[in-house]
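Novice: please work out how this folds:
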Amino acid sequence: MKIIIISIVLLLILCSCTDKATPENNITDGDADWHASKVDLSVIEANTAFALDILKKLNGTEDENIFFSPLSLSIALSMTLIGAAGNTLAQMQDVLHFSDYTVAELNEQNQHLIRSLIDVDPSIDLGLANSIWIKQNFPVKEDFILVNEAYYESQVFPDLPFNDDTVIAINNWAEVQTNGRITDLVENIDPSEVLFLINAIYFCADWTYSFNPDNTENDLFITADEIVVAPFMQSDGLDFTYLWDEDFSAARLPYGNEDMAMYIFLPDYNIGLSDWIQNLDYDTLNDWFSGFAPLPENLEDGISFQLPSFTVSYNKCYEQILSELGMVDAFSSAADLSELTDNSEELFISKVKQNAWITVNEAGTEAAGATLVGISFETIEYSFIAYRPFLYLIRDDRNGTILFIGIMHDPSQEQ
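Specialist: Just a heads-up that it's a prediction; the model follows:
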């Protein structure tokens, strides 16, 4: 019996495909290697730690396949924290693991990080785009807009009605930036919402060493609950590098010129993937990445290498997870967004939503994600729902005479 458990860890969104079509990303900059050299190692460590924090919160909570872009979440929240102050800012920096950076330093680092991903490989199509959507008559501080434009190259869409037309416009923007893969980022706009900050990311490239589709065959995949049949791509595995550990094995499958790759971690058959993930940390993971090597010389004929092809669509709201990680004030009346607007009282983050999608096949991998941060005014909701016992009476309000009076304990009874 073949036991296969697959975990894909994407610290950056990595994707590829055969039919490349570059989306209309609004960030274009050359010299990716120079920008990469300007990104502090501590920023990569922070982004990886944040990715693992989110992964561990999602891990074991759902039976469905999980897929998300930690980079897209981090960028969208970084754009938002430009408008935060006080304890709200401190909590957001802490959750993102950026407490050692000022907002200005973080903006500069993110600018280098984003631009380091553009034109990194001529055989890879990578698109990143940011945007800000502002409701009519909602005043936004000029500095907030200018900083987002300068460092995140955000497109700004002001004076919007925030109606169905705006929903269509936002969804069209996200669809274009993700080459049609993210289509329904927004379903509707609540009357209390006044501003959206959105990051979109798209990456498409072929494997450096593709799989022969003629060799793909159905085989068994053992889930936590049952045995299912899935299509498995096959090769001799000679083109890949590996890490063999006492409780797992791992493989590196490169894209394009091999600067980017997908890493697949396969815990041993007697080790649960969920428990294994909970023990991951940045230092351990980073050490593993430096330990991948080709197959030993005595395996010159290769090995049996099989990987299922798959497609995953994963949409998730992250407010609760971020709150559990320590970003509490931003989602409550305690939020301080005074660097975003002068009318910041009762303003808070109402949603952090990400739609993500990936497909893996013989040619490569294509993936996309879009993260939306919604800003709202806190509103008091009034309701009167008589769902418990109550007193009722009929009164003549001219002189105060009570004509009838009663107590309702159970409206289903007829006496």
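
Novice: ok, which stretches of the stretch 1-150 of the chain are strands?
Specialist: Here the stretch 1-150 of the chain has its strands, by DSSP state E, counting those that start in this stretch, at 7-8, 124-135.

Novice: nearest to D336, of these?
Specialist: Closest to D336 of the strands of the stretch 1-150 of the chain is strand 124-135 (C-beta to C-beta; 19.3 Å). In short, each C-beta sits where N, CA and C put it, glycine included.

Novice: could I get that closest one in CSV with only the CA atoms?
Specialist: Taking Å, rounded to 0.1, in the frame of the first residue of the first chain, the C-alpha atoms of strand 124-135 are listed here in CSV:
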residue,chain,number,x,y,z
ILE,A,124,8.4,33.4,-15.4
ASP,A,125,5.4,35.7,-15.5
LEU,A,126,4.9,37.4,-12.1
GLY,A,127,2.4,40.2,-11.4
LEU,A,128,1.9,42.2,-8.3
ALA,A,129,-0.6,45.1,-8.0
ASN,A,130,-1.9,47.2,-5.2
SER,A,131,-5.0,49.5,-5.1
ILE,A,132,-7.0,51.7,-2.7
TRP,A,133,-10.7,52.2,-3.2
ILE,A,134,-12.3,55.2,-1.4
LYS,A,135,-16.0,56.0,-0.8
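
Novice: tell me which residues of stretch 139-150 come out buried.
Specialist: V140, K141, F144, I145, V147, N148 (16 or more other C-beta atoms under 10 Å).

Novice: check contacts around F162.
Specialist: K135, Q136, I189, E193, V194 (C-beta atoms under 8 Å, 6 or more residues apart in numbering).

Novice: which SS class is it?
Specialist: The three-state label given to F162 by DSSP: H, G, I helix; E, B strand; the rest coil is coil.

Novice: any idea how far it is from V156?
Specialist: Per C-beta to C-beta, to the nearest Å, F162 is found 15 Å from V156.

Novice: repeat for L71
Specialist: From L71 across to V156, the span is 22 Å (C-beta to C-beta).

Novice: more neighbours: which of the two?
Specialist: Applying other C-beta atoms under 10 Å to L71 and V156 shows that L71 carries more neighbours, namely 24 against 14.

Novice: now do the more buried one against D214, distance only.
Specialist: L71 sits at a distance of 35 Å from D214 (criterion: C-beta to C-beta).

Novice: re the thing from before, let's see if you can find the most crowded of the contacts of F162.
Specialist: Highest neighbour count within the contacts of F162: V194, with 26 neighbours (other C-beta under 10 Å).

Novice: check which helix or strand that one maps to.
Specialist: strand 193-206 (DSSP states H and E).

Novice: that strand pairs with which strands?
Specialist: The strands beside strand 193-206 in its sheet (DSSP bridges) come out as strand 124-135 (antiparallel), strand 364-377 (antiparallel).
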